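S.K.: just the structure for this:
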Amino acid sequence: MAQSHPTDLDNSVAMNANIPKDYGRGEGYPWKFGDALNDSGMILRCERDKGKGNCEKCGQIIYPKCASGYVVLGCKICHAVAPALLSNENVLDEEGVMNPVFNLDDAVNDQALVPYGRGAGYPWKFGDSLNHDGQFNRCQAANGNGNCELCGYNIYPKCKPGYTGTPSACAICYPTAHVLAANDALALEAMQLTETATDDTASVATAAAFGGAFVALFTLFVVKKVRQRMANTGERKGFLAI
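M.R.: Next up, the predicted model:
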């Protein structure tokens, strides 16, 4: 039977399984007849319900701010932020086998890198030409020339240095180092799965790893589901650490 060689991914999966669920923040506080031709009426109604300083604009509507530990996803959703996934050392197991624990440079480790939202973006609207020029113009007027990019069919402010947007979650900027390390972690886990089991489910993890898993939390949940299924078949009981 294969020996247990748990990696740092074991702890990461277990930790991330308990991340709070996303939640909605309602329809917000849109402009209505009787308001001044600005945001003041919307802000007043929101702050009356939620408290001063607890509201923000997303798109053309005012919403209550997300709770601590959440970032905005598409204006109406507060998306739970994954805990830190990485440590800064490699470790030897009891048999002297090196188990990689994916490293970040000290300069990166010293920063509190967490995902953040970049709003609803600048969608196409009536009056724009049949391309993205109008969207780019509005974005660059607000964020500066060269500071906007296309993601999906929408224009967003570019992520700040050290962060990257992904096609699967355009409204969120993820720490680039975390995304790359998660890809490496999944690739390593996929190789371990194929070495220790014959279940066809292993090919799912392999395909995800080498196809490029952009969202770290999503990749960790994929691995957890693979492990649960394989544990039920009794093929990897000696290897599982979760």
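S.K.: check what pLDDT the nearest residue to Ile61 once chain neighbours are set aside gets.
M.R.: Sequence neighbours aside, Gly28 is the residue nearest to Ile61 in space, at 4.0 Å (criterion: Cβ to Cβ, 6 or more residues apart in numbering). In this view, the C-beta of every residue, glycine as well, is placed from N, C-alpha and C. Predicted confidence (pLDDT) for Gly28: 91.
S.K.: same check, this time on Val226
M.R.: 53.
S.K.: pairing partners for Pro157 in the sheet, please.
M.R.: Beta-bridge partners recorded for Pro157 (DSSP bridges): Cys148.
S.K.: and Ala141, how far is that from Ile61?
M.R.: 20 Å (Cβ to Cβ, to the nearest Å).
S.K.: these two - which one has more neighbours?
M.R.: Between Ala141 and Ile61, Ile61 has the larger neighbour count (other Cβ atoms under 10 Å), namely 17 against 11.
S.K.: quick check: bridge partners of the more buried one?
M.R.: Cys58.
S.K.: residue contacts, Tyr23?
M.R.: Tyr23 makes contact with 70, 77-78, according to Cβ atoms under 8 Å, 6 or more residues apart in numbering.
S.K.: of these, keep whichever come out buried.
M.R.: 70, 77-78 (16 or more other Cβ atoms under 10 Å).
S.K.: quick one: contacts for Trp120?
M.R.: Check again: residue 120 is Ala, not Trp. 58-59, 74-75, 171.
S.K.: need those residues in JSON lines (columns: distance to Pro157 and neighbour count).
M.R.: Shown next, in JSON lines, are these (distance: Cβ to Cβ, whole Å; neighbours: other Cβ atoms under 10 Å):
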{"residue": "Cys58", "distance to Pro157": "13", "neighbour count": "18"}
{"residue": "Gly59", "distance to Pro157": "14", "neighbour count": "16"}
{"residue": "Gly74", "distance to Pro157": "15", "neighbour count": "16"}
{"residue": "Cys75", "distance to Pro157": "15", "neighbour count": "19"}
{"residue": "Ala171", "distance to Pro157": "11", "neighbour count": "22"}
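S.K.: which of the residues you listed scores worst on pLDDT?
M.R.: Within the contacts of Ala120, pLDDT is lowest for Gly74, at 73.
S.K.: Ala120 versus that one, what's the distance?
M.R.: Applying Cβ to Cβ to Gly74 and Ala120 gives a distance of 7 Å.
S.K.: intersection of neighbour lists for these two?
M.R.: Ala171.
S.K.: where's Gln60 relative to Glu47, distance?
M.R.: Distance, Gln60 to Glu47, by Cβ to Cβ: 18 Å.
S.K.: looking at those two, which one has more neighbours?
M.R.: Remark: of Gln60 and Glu47, Glu47 carries more neighbours, 16 against 12, as counted by other Cβ under 10 Å.
S.K.: now the more buried one. Nearest residue, chain neighbours left out?
M.R.: In space, Glu47 is closest to Cys55, 5.4 Å off (Cβ to Cβ, 6+ apart).
S.K.: same check, this time on Trp31
M.R.: Take Trp31 and drop its neighbours on the chain: the residue closest to it by Cβ to Cβ, 6+ apart is Met42, 5.9 Å away.
S.K.: ok, and what's touching the one helix or strand the one you found maps to?
M.R.: Met42 belongs to helix 40-50 when assigned by DSSP states H and E. The contact list for helix 40-50 (Cβ under 8 Å, 6+ apart) reads 28-32, 34-35, 53-55, 57, 61-65.
S.K.: surely Cys66 is in a strand?
M.R.: No. Cys66: not assigned to a strand; according to DSSP: H, G, I helix; E, B strand; the rest coil it is coil.
S.K.: what's near enough to touch the residue nearest to Glu47?
M.R.: 29, 43, 46-47, 62-65.
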